[in-house]
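Asks: kindly return the folded structure for what I paste below:
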Amino acid sequence: MNKKLSTLILAAAALLVSCSQDELQNTVNNNEGMKPMTISVALPDGMSTRAVATDDATDAHCFLQILDGNGTDLDGGYSAVQKMSKTSGGYTATVYLKEDATYDFLFWATSESNASTPADLRNVSYTNGETLVWAGRALDRQWSADGVTCKLEHAVSRITLQTTGNLTVNDLQTLTLAVPSTFTAYNVEEMAPVGTTKQNYTYSFGTINISNASLSNPVAIGHFYALVDGEPQTLTLQYNGPLDNAPKEISNVPLAPNTHVVLSGDVANSGLTSGNITATVDNDWSDDTQNF
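Replies: Residues are numbered from 1 along each chain as shown. You can find the predicted model right below:
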């Protein structure tokens, strides 16, 4: 009895394996000999572990583009950018590949809730400064039963301004921070900004009333993002307060992708003798900070 039952179980298992193999072969046959493979993408760990950034990835969208191993478009429209499906751990997509061919996989994610699909991840437009974006790539890969996984990194620098003194910002007492040189497009294949077109980006902070800030308890005013290439820049802080503040220049700030720059000081007195602003850069948005 037990032997018969064991034989039946083994036969059923063999039948399931056979069916699974037949289904895979049918899938391959129905897709011109190409085999299905799963691609998985995750955002950086810091996006879920650091309170400073947790609100930025709530509704992110991720896109995928497949090129051949030489970085050129595939025939038949297979290099069209496609949106990946969101999962609890990131994003996933099932693609069909030739088993003996080599491919490049490009990934772009954005926090913009109504983001449209980019036309080409080798030239993605970025101009607004309020959207967080990530990029990643997996080059020279072939079909694998294990699929392809990639962890993305921030394609922009995050710039946060905080004050160590009381501050009021409204329609009359405005506050701006200018970055003189930002790019307007990104090439995921190169993992770098692309093009020679640059623009001065000025961010205007919204209405805020801070009354509990101090040197030991700096309070964040706000933040924005800049598409930059790592070159040091001189930022200009302008507070149009009741003291007729002059513009405050903050020199040699090394703005680079995947870094978090924090500017801190007595903003209400910026541009005055008593208003000093310091900067720190947080490499890879981790907990290791570097003063400069």
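Asks: can you pull up the bridge partners for the closest residue in space to Leu74 that isn't next to it in sequence?
Replies: Closest residue to Leu74 apart from its sequence neighbours, by CB to CB, 6 or more residues apart in numbering: Asp68 at 5.7 Å. To be clear about C-beta, it is placed using only N, CA and C from the backbone, and glycine gets the same treatment. For Asp68, the beta-bridge partners are Tyr103 (DSSP bridges).
Asks: how many neighbours does Asp68 have?
Replies: 16 (other CB atoms under 10 Å).
Asks: one more: Tyr201?
Replies: 22.
Asks: so for the helix or strand containing it, mean pLDDT?
Replies: In this assignment (DSSP states H and E), Tyr201 forms part of strand 198-204. Strand 198-204 carries an average pLDDT of 93.
Asks: show me what that strand is packed up against.
Replies: For strand 198-204, the packing partners by 3 or more CB pairs under 8 Å, 6 or more residues apart in numbering; DSSP states H and E come out as strand 175-183, strand 219-226.
Asks: dump the longest one to PDB, keeping only the CA atoms.
Replies: Taking Å, rounded to 0.1, in the frame of the first residue of the first chain, the C-alpha atoms of strand 175-183 are listed here in PDB:
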ATOM      1  CA  LEU A 175      13.600  82.900   1.200                       C
ATOM      2  CA  THR A 176      15.400  81.400  -1.800                       C
ATOM      3  CA  LEU A 177      18.400  79.200  -2.500                       C
ATOM      4  CA  ALA A 178      20.100  79.200  -5.900                       C
ATOM      5  CA  VAL A 179      22.200  76.500  -7.500                       C
ATOM      6  CA  PRO A 180      24.100  78.100 -10.400                       C
ATOM      7  CA  SER A 181      24.600  75.000 -12.600                       C
ATOM      8  CA  THR A 182      22.200  72.100 -12.900                       C
ATOM      9  CA  PHE A 183      21.700  69.700 -15.800                       C
END
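Asks: so for stretch 253-269, what's the average pLDDT?
Replies: 93.
Asks: just stretch 43-53 next, same as before
Replies: pLDDT averaged over stretch 43-53 gives 51.
Asks: in this structure Pro232 contacts Ile250, no?
Replies: No: if you go by CB atoms under 8 Å, Pro232 and Ile250 don't touch, sitting 10.8 Å apart.
Asks: which one of those two is surrounded by more residues?
Replies: More crowded of Pro232 and Ile250, by other CB under 10 Å: Ile250, with 18 against 11.
Asks: what bridges to Thr38?
Replies: Thr38 has these beta-bridge partners by DSSP bridges: Thr94.
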